[in-house]
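Visitor: quick one, what's the 3D model for this:
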Amino acid sequence: MAKDAKDTKSKKKDAKEEKSKGGLRKYFKELRAELKKVVWPTRQQVVNNTGVVLVVMSVVGLFLFAVDTGLSYAISKLIGLGAG
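Guide: Here you go, the predicted structure:
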């Protein structure tokens, strides 16, 4: 059992040393390689998606406004009934 503990410690130490070797340089090299794999949207796709987002935000905003206004009106009427 003691040997297993030593093996685990030495593996952790080796892993730490491996991470520290060229850490930042390796990270940016791999980052650059991954960014080359990304399929970037065209300008037209970005414009279309932005339009969709703005329309959906407007519709949801109007819906929430209507719900809030309706509930405020209903609560004020209920409170008015209790006072009379």
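
Visitor: pLDDT-wise, which helix or strand of this protein ranks last?
Guide: Of all helical and strand segments in the chain, the minimum by mean pLDDT, DSSP states H and E falls on helix 2-20, at a mean of 61.

Visitor: residue contacts, residue 71?
Guide: Going by Cβ atoms under 8 Å, 6 or more residues apart in numbering, residue 71 touches no other residue. (Each C-beta comes from the backbone N, C-alpha and C, glycine too.)

Visitor: report the rounded mean pLDDT for the one helix or strand it maps to.
Guide: Assigned by DSSP states H and E, residue 71 belongs to helix 43-83. What helix 43-83 shows for mean pLDDT is 95.

Visitor: mind checking the SS state of residue 40?
Guide: coil (DSSP: H, G, I helix; E, B strand; the rest coil).

Visitor: that one: how many residues sit nearby?
Guide: Neighbours of residue 40 under the rule other Cβ atoms under 10 Å: 8.

Visitor: and the pLDDT at it?
Guide: We have a pLDDT of 93 for residue 40.

Visitor: give me the phi and psi for it.
Guide: As for residue 40, its main-chain torsions (degrees, to the nearest 10) stand at phi -80, psi 140.

Visitor: one more: residue 39?
Guide: The phi and psi torsions at residue 39 (degrees, to the nearest 10) take the values phi -100, psi 110.

Visitor: quick check: the gap between it and residue 56.
Guide: Note on residue 39: its distance to residue 56, by Cβ to Cβ, to the nearest Å, is 24 Å.

Visitor: most centrally placed residue in this protein?
Guide: For the chain, the residue nearest the mean C-alpha position is residue 53 (16.3 Å; Cα atoms, centre = their mean).
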